[in-house]
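**Q** This is the structure alone, sequence omitted:
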């Protein structure tokens, strides 16, 4: 780590205030690094002591709320779980790429959430619920393992070239959730959901580039779920067209 | 969607009566454990309601698709937790909060509930002594907007971020409590702050009680399982107040590592169990402490975790202000009394979230008009002036400095072990911080995503609540649950089996008391 005077570390942030500024620009702060300091801590130090106009999102600071996904030293990460000591001689923080900037590191996630809502992201059982719980074996439960752990931080969405070039493409997170519900033993809406994800802007626009898997700060593998969903969708489509497969 | 619920890990309690170990568990036994855990300060009618509704609420969540972990025969799995007579805690690995919040969010989407994301509530609209909505700051545009409502439910979480060593999200600054307080609703039992035994050293990030529920041990620097000295029967699974104090004693008496922390050892659980039951804990250790709990013990120390007190309301979640309801950690119903049991906070949220929703919608259907428009306009102008006054400030004080000072004062003097002298000092110091707050530097004037402004409002609420917590603690001259006075080491049921109420006055909080509801369970000594 490049410690300048008094253990100061340079923190460079891509700043932009649309409406007030014509173009984004880089600003470098000098933060005093302490033991265990995260990039989020560093941003707060810059906000509190150097520039009160800096904007970013935060909440849990323990890598679960999904607020602080950013592009840090060329990688998708959560600011709260990235230690300054692991970043080498400089820290460069940019907002999630390919998304509209609202202010500095805050990006517009409206479209991201709209697309997520399109895939019918909840369990819809076929029958009236039992008095107690649905029986779900550990094997059935394990089929949705990991897909339940997405924190909707949008890192994968921001990293996906198919999203960059196709404005309407649902993107990896929405498809991961479509997998999660279609694979749940309690759910009955596989067909409706495969129609949504099998549409023109759905999973066939995934070209298995695997950026999503590399980007995910929770180490999930959206690409694998999308591949599995492609198989399910194909089966469902064939079933609909070829009666004896039903 | 980004709330602190998501950070809950270990689970949610319900007496489901599962074979074989939980066969004899009942809502009554759950109630008794909760009341005993509360050191008899909980309102027993509310506790009984909660434990009775627990199983149906768990099944409802399961029907909504909550991905609970399962037993071999496909039922909801349960694990042991502190202070409980049975394995009663339902869980989804160690991500139960994430799963519950996600599930409820899914249902709100299914029902097309309108969301106002990234709004910061400034104050309530009060018309003819009832709450008719809120004035809020739209963080994304910087505009102040009135939101009219027939009924308003506050679900704004706790205030444990007010301690410098804390497991909490940074957003847990108590603004919802402060808003209700300023509107004349009392805050109840604010002196009762829970310290979680196992906050990761140094950040304080939560290491779930499930780590001990699954069999983890606590060791001091001498290699002793020191809980033998403090709770020989329950050991690591004694209630949180007892385990936290035991750890702090070990630290204070020089048996900690680097004099700062003890070890939570999971290694004997083995890779398989850690990977399936505690994957989130392993992830947190790898990310924030750079160690793998499969191979190394985890450095932990107690950290402020939960606000047992909160907005005074009854078991219908109603406050004294008509149309205003409170639920979850910001509310004090009270089901946790002087000390909450692990696994009961998610349950409180789920049960009383439902109660608040039902009661508020009943009330809303009895209201047929909106708030007075002239009144709403004048309240809006009042908030605009408040913002402008902050931005035109002529002082020099830095809000973040005041906040950081308050957090250290509370940790050092209003923590796990309290004394009259420390509390007096802390009260004076907090009052001086409040005085300094009126002399802030001018705040940033940007419209969009102005963190400087919002965080100043948060500091204002934190300082206000710091005073209430400290004053309430000073007035309670006994030791009960999480509130331990070194100068009054015994529980004193004769004088203090009652709730503290703090009421707003323009100068200082006015303290008052109310009765604890006792149904069947007579106060007795707490032994584990």
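**A** All right, it came through fine. Treat the numbers as computed from the prediction; the structure is a model and nothing was measured.

**Q** Residue ranges of each domain in chain A, please.
**A** Domain assignment for chain A by automatic domain parsing gives A:5-107, A:110-245.

**Q** Out of those, the one nearest chain B is which?
**A** domain A:110-245 (2.9 Å; CB to the nearest CB). For every residue, glycine as well, the C-beta is placed using N, CA and C.

**Q** and stretch A:201-211, which residues are buried?
**A** By neighbour count on 16 or more other CB atoms under 10 Å in any protein chain shown, the buried set for stretch A:201-211 is A:201-203, A:205-206, A:210-211.

**Q** And the average pLDDT for the longest helix seen in chain A is what?
**A** Counting residues, the longest helix found in chain A (DSSP state H) is helix A:222-241. Across helix A:222-241, the average pLDDT comes to 94.

**Q** tell me what whichever strand or helix holds residue B:122 is packed against?
**A** For residue B:122, the host element (DSSP states H and E) is strand B:119-127. With contacts taken as 3 or more CB pairs under 8 Å, 6 or more residues apart in numbering or on different chains; DSSP states H and E, strand B:119-127 sits against strand B:130-138, strand B:144-148, helix B:175-182, helix B:373-391, helix B:451-475.

**Q** Is there proximity between the last one and chain A?
**A** Spelled out, it's helix B:451-475. Yes - applying CB under 8 Å from any CB of the partner chain, one finds helix B:451-475 in contact with chain A at B:451-452.

**Q** Give me the distance from that helix to the chain's centre.
**A** 15 Å (CA atoms, centre = their mean, to the nearest Å).

**Q** still on that earlier bit, could you list the buried residues of the strand holding residue B:122?
**A** B:121-127.

**Q** so what strands line up beside that strand?
**A** strand B:130-138 (antiparallel) (DSSP bridges).

**Q** Over the partner strand, what's the mean pLDDT, rounded is fine.
**A** 98.

**Q** Other residues contacting it?
**A** Identification of contacts with strand B:130-138 by CB atoms under 8 Å, 6 or more residues apart in numbering or on different chains yields B:116, B:118-126, B:143-152, B:179, B:183, B:321-324, B:370-371, B:376, B:379-380, B:383, B:387, B:453-454.

**Q** Now do the contacts for the residue lying closest to residue A:209 once chain neighbours are set aside.
**A** Among residues not flanking residue A:209 along the chain, residue A:161 sits closest, at 5.7 Å (CB to CB, 6 or more residues apart in numbering or on different chains). Residue A:161 sits next to A:207, A:209, A:211 when contact means CB under 8 Å, 6+ apart.

**Q** how close does the second one sit to residue A:160?
**A** To tie it back to what came earlier, the one meant is residue A:209. 7 Å (CB to CB, to the nearest Å).

**Q** Could you find the closest non-adjacent residue to the residue nearest the centre of chain A?
**A** The structure's chain A has its C-alpha centroid closest to residue A:154; by CA atoms, centre = their mean the separation is 2.6 Å. Nearest residue to residue A:154 in three dimensions, chain neighbours excluded: residue A:112, at 5.0 Å (CB to CB, 6+ apart).

**Q** Run the angle between the strand holding residue B:122 and helix B:373-391 for me.
**A** Compare the direction of strand B:119-127 with that of helix B:373-391 by axes from the mean of the first three to the mean of the last three CA atoms, to 10 degrees and you get 140 degrees.

**Q** got a list of contacts for strand B:119-127?
**A** Residues contacting strand B:119-127 (CB under 8 Å, 6+ apart): B:131-139, B:144-148, B:152, B:156, B:175-176, B:179-180, B:182-183, B:321, B:324, B:371-372, B:375-376, B:379, B:382-383, B:386, B:454, B:457.

**Q** Can you flag the buried ones in the residues you listed?
**A** B:131-139, B:144, B:146-147, B:152, B:156, B:175-176, B:179-180, B:183, B:321, B:324, B:371, B:376, B:379, B:383, B:386, B:454, B:457.

**Q** follow-up on the earlier one: inside helices: which ones of the contacts of residue A:161?
**A** Using DSSP H, the contacts of residue A:161 in helices are residue A:211.

**Q** In JSON lines, list the contacts of residue A:161 along with pLDDT.
**A** Below are these laid out as JSON lines (pLDDT from 0 to 100):
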{"residue": "A:207", "pLDDT": "96"}
{"residue": "A:209", "pLDDT": "97"}
{"residue": "A:211", "pLDDT": "98"}
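
**Q** quick revisit: does the residue nearest to residue A:154 touch residue A:170 like I think?
**A** No - at 10.0 Å, residue A:112 does not count as touching residue A:170 under the criterion of CB atoms under 8 Å.

**Q** who has more neighbours, those two?
**A** residue A:170 (28 against 23; other CB atoms under 10 Å in any protein chain shown).

**Q** Report the separation between that one and residue A:117.
**A** From residue A:170 to residue A:117 the distance is 11 Å (CB to CB).

**Q** Could you do residue B:54 as well?
**A** 31 Å.

**Q** Between the two, point out the one with more neighbours.
**A** Each of residue B:54 and residue A:117 has its neighbours counted (other CB under 10 Å); residue B:54 has more, 24 against 16.

**Q** didn't that one look like it was pressed against residue B:15?
**A** Yes - using CB under 8 Å, residue B:54 is in contact with residue B:15, at 6.6 Å.

**Q** Could you tell me which residues touch both of these two?
**A** Applying CB under 8 Å, 6+ apart, one finds that residue B:54 and residue B:15 are jointly contacted by B:27, B:30.

**Q** wait, does stretch A:135-152 contact chain B?
**A** Yes - using CB under 8 Å from any CB, stretch A:135-152 reaches chain B at A:135-138, A:140-141, A:144, A:148-149, A:151-152.

**Q** and the next element down the chain from the strand or helix carrying residue B:272?
**A** Using DSSP H and E, residue B:272 sits within helix B:270-277. For helix B:270-277, the following helix or strand on the C-terminal side (DSSP H and E) is helix B:279-284.

**Q** for residue B:50, helix, strand, or coil?
**A** Secondary structure, DSSP: H, G, I helix; E, B strand; the rest coil: residue B:50 is helix.

**Q** which phi and psi does residue B:395 have?
**A** Dihedral pair for residue B:395: phi -90, psi -160, per degrees, to the nearest 10.

**Q** Contact partners for it?
**A** B:438-441.

**Q** Which positions in stretch B:471-488 come out as buried?
**A** B:471-474, B:476, B:478-485, B:488.

**Q** Tell me if stretch A:15-35 is near chain B.
**A** Yes - counting by CB under 8 Å from any CB, chain B is contacted by stretch A:15-35 at A:17, A:19, A:35.

**Q** PyMOL command for the buried members of the residues you listed?
**A** In PyMOL, a selection of the buried entries from the residues of stretch A:15-35 next to chain B looks like this (16+ other CB under 10 Å):
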select buried, chain A and resi 17
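
**Q** Name the helix or strand for the nearest residue to residue B:270 once chain neighbours are set aside, please.
**A** Excluding the flanking residues, the one nearest residue B:270 by CB to CB, 6+ apart is residue B:294, at 7.9 Å. Using DSSP H and E, residue B:294 maps to neither a helix nor a strand.

**Q** burial of residue B:294, as a residue count?
**A** There are 17 residues near residue B:294, going by other CB under 10 Å.
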